[in-house]
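[1] Next input, structure requested:
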Amino acid sequence: MAYGYAHGYSHAQVVPFNVLVETIQVMVVYPLFVLSTRQLIQLHALKPFITRIQHAAESQRGWVRHFGIAGLFVFVFVPFWMTGPVVGAIIGFLIGLRPLVNIVVVLVSTYVAIGIWALLLNELSDWAATVNEFAPYALVLAIVLIVVVMSLLHRRHNRSGVNKQT
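    Residues are numbered from 1 along each chain as shown. This next block holds a predicted model:
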């Protein structure tokens, strides 16, 4: 979204595109995950990806289960590391939500989050553009750097946890 706003795209272009991308992700990965956990299909190429998502979902499902549908909504809505619609849909499956309820909760939460982030990022991009014409690109770069740093810290934390167990 930040990239779209930095390039001057409007809400009418950025928001529907992000809604489409997130919807496609959920509607493709969720059925693949369900079918693979039920041993109905085997996707060797996607196995590491599915396994990583399953581990992330299982580590977060306790508190989501405690709060039920509201917990799932908040989990998908809040932009923390390894949260979001795909992992949320898998958590919904793991805690036993019916598929229709699961998908509706996940997508509604995703759409609300996209709407709020769209307003925030558009305002940030507009503000940054008044400071300097290249500031929106610096904002996108800063977001990418934050994601990379969080990813590296997450990997380091996981490796140190594995080393302590052995």
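
[2] Just want the most central residue of the chain.
    Centroid-nearest residue in the chain: residue 84, 2.9 Å away (criterion: C-alpha atoms, centre = their mean).

[3] Find me the pLDDT at that residue, would you?
    pLDDT for residue 84: 82.

[4] Go ahead and confirm it touches residue 77.
    No. Using C-beta atoms under 8 Å, residue 84 is not in contact with residue 77, being 9.4 Å away. Where you see a C-beta, it was placed from the backbone N, CA and C, and this is true even at glycine.

[5] how about low-confidence regions in the chain?
    The chain contains residues with pLDDT under 70 at 6, 60-61, 63, 80-82, 125, 128-129, 136, 160-166.

[6] now the helices: where do they sit in this protein?
    Secondary structure of the chain by DSSP state H: the helices cover 2-6, 11-37, 47-77, 85-94, 99-131, 135-165.

[7] most packed of the ones you listed?
    Stretch with highest mean neighbour count among these: helix 85-94 (a mean of 25; mean count of other C-beta atoms under 10 Å).

[8] Show residues contacting that one.
    By C-beta atoms under 8 Å, 6 or more residues apart in numbering, the list of residues contacting helix 85-94 from outside reads 22, 25-26, 29-30, 33-34, 37, 53-54, 56-58, 60-61, 64, 72, 75-76, 99, 101-103, 105-107, 109-110.

[9] Check stretch 17-29 too.
    1, 4, 53, 85-86, 89-90, 103, 106-107, 110-111, 114, 118.

[10] okay, that stretch in PDB with CA atoms only?
    The C-alpha coordinates for stretch 17-29 follow below in PDB (Å, rounded to 0.1, in the frame of the first residue of the first chain):
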ATOM      1  CA  PHE A  17      -5.900  -4.000  -5.500                       C
ATOM      2  CA  ASN A  18      -4.900  -4.800  -1.900                       C
ATOM      3  CA  VAL A  19      -8.300  -6.300  -1.200                       C
ATOM      4  CA  LEU A  20      -8.000  -8.500  -4.300                       C
ATOM      5  CA  VAL A  21      -4.500  -9.700  -3.400                       C
ATOM      6  CA  GLU A  22      -5.400 -10.500   0.200                       C
ATOM      7  CA  THR A  23      -8.600 -12.300  -0.900                       C
ATOM      8  CA  ILE A  24      -6.700 -14.400  -3.500                       C
ATOM      9  CA  GLN A  25      -4.100 -15.300  -0.900                       C
ATOM     10  CA  VAL A  26      -6.700 -16.600   1.600                       C
ATOM     11  CA  MET A  27      -8.800 -18.300  -1.100                       C
ATOM     12  CA  VAL A  28      -5.800 -20.200  -2.500                       C
ATOM     13  CA  VAL A  29      -3.700 -21.000   0.600                       C
END
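
[11] Good, wrapping up.
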